[in-house]
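1. one predicted model, sequence on top.
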Amino acid sequence: MGQAMAWINEAFIISSAIVMAFGWRMIRQGKKEVHKRLMLTASVLAALFFITYVLKTVIFGDTMFGGPTSIEPAYQGFLQVHSVLATVIAILGIITLRFAFKGVFHKHRKIALWTVNGWFITAATGLVVFLLLYVVYPPGPTTNVLHAWLG
């Protein structure tokens, strides 16, 4: 069941990036209402990713890298870069949405380009992490968070 949740998580994040790409295209064409609906949809999909990711981690646990130990340090480094980037972009996303909801569009426009490009990079690096964990190599052991914390 935990692996199924991982596939669902990945579907949410990739769907979010695709919808966001269409939303970005719509604003570049001057279609503000379509842009707004698409970006809100992308944001909901991103939030669903986060919620299901947290639930998967708490309920089923964290899956360890199951690939060769020779590349595990590179994988771990890549994972850390992805995690930091995802956190920064999530915060930028909240700020970007906040400016839009408040109608402060001059600030929204300034930060939105950084946010959307960062989101695409985050989704792509997340896909690489997912593929390495579940597709390219057999998944490693999954450890429940409470068990990992308590020993």
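-> Received, thanks.

2. what are the ranges of the helices in this protein?
-> For the chain, the helices defined by DSSP state H cover 2-28, 32-59, 72-102, 105-131, 145-150.

3. nearest to Gly66, of these?
-> Smallest distance to Gly66 across those (C-beta to C-beta): 9.6 Å, for helix 72-102. Quick note: C-beta positions are derived from backbone N, CA and C, even for glycine.

4. in that closest one, what counts as buried?
-> 75, 79, 82, 85-86, 89-90, 92-93, 96-97, 99-100 (16 or more other C-beta atoms under 10 Å).

5. cool, stretch 25-35 as well?
-> When neighbours are counted by 16+ other C-beta under 10 Å, the buried residues of stretch 25-35 are found to be Met26, Ile27, His35.

6. and those as a markdown table, adding distance to Val19 and pLDDT?
-> Listed next are these as a markdown table, based on distance: C-beta to C-beta, whole Å; pLDDT from 0 to 100:
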| residue | distance to Val19 | pLDDT |
| --- | --- | --- |
| Met26 | 11 | 98 |
| Ile27 | 13 | 97 |
| His35 | 11 | 98 |
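
7. tabulate these (CSV), appending distance to His108.
-> Supplementary listing: the buried residues of stretch 25-35 in CSV, determined by distance: C-beta to C-beta, whole Å:
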residue, distance to His108
Met26, 15
Ile27, 10
His35, 11
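
8. contacts only, for Arg37.
-> Gly23 (C-beta atoms under 8 Å, 6 or more residues apart in numbering).

9. now Met64. Nearest residue, chain neighbours left out?
-> When the adjacent residues along the chain are set aside, Met64 lies closest to Gly140, with 3.4 Å between them (C-beta to C-beta, 6 or more residues apart in numbering).

10. likewise for Met39?
-> Closest to Met39 by C-beta to C-beta, 6+ apart is Gly23, at 4.3 Å.

11. list the contacts of that neighbour.
-> With contact set as C-beta under 8 Å, 6+ apart, Gly23 has these partners: Val34, His35, Arg37, Leu38, Met39, Thr41, Ala42.
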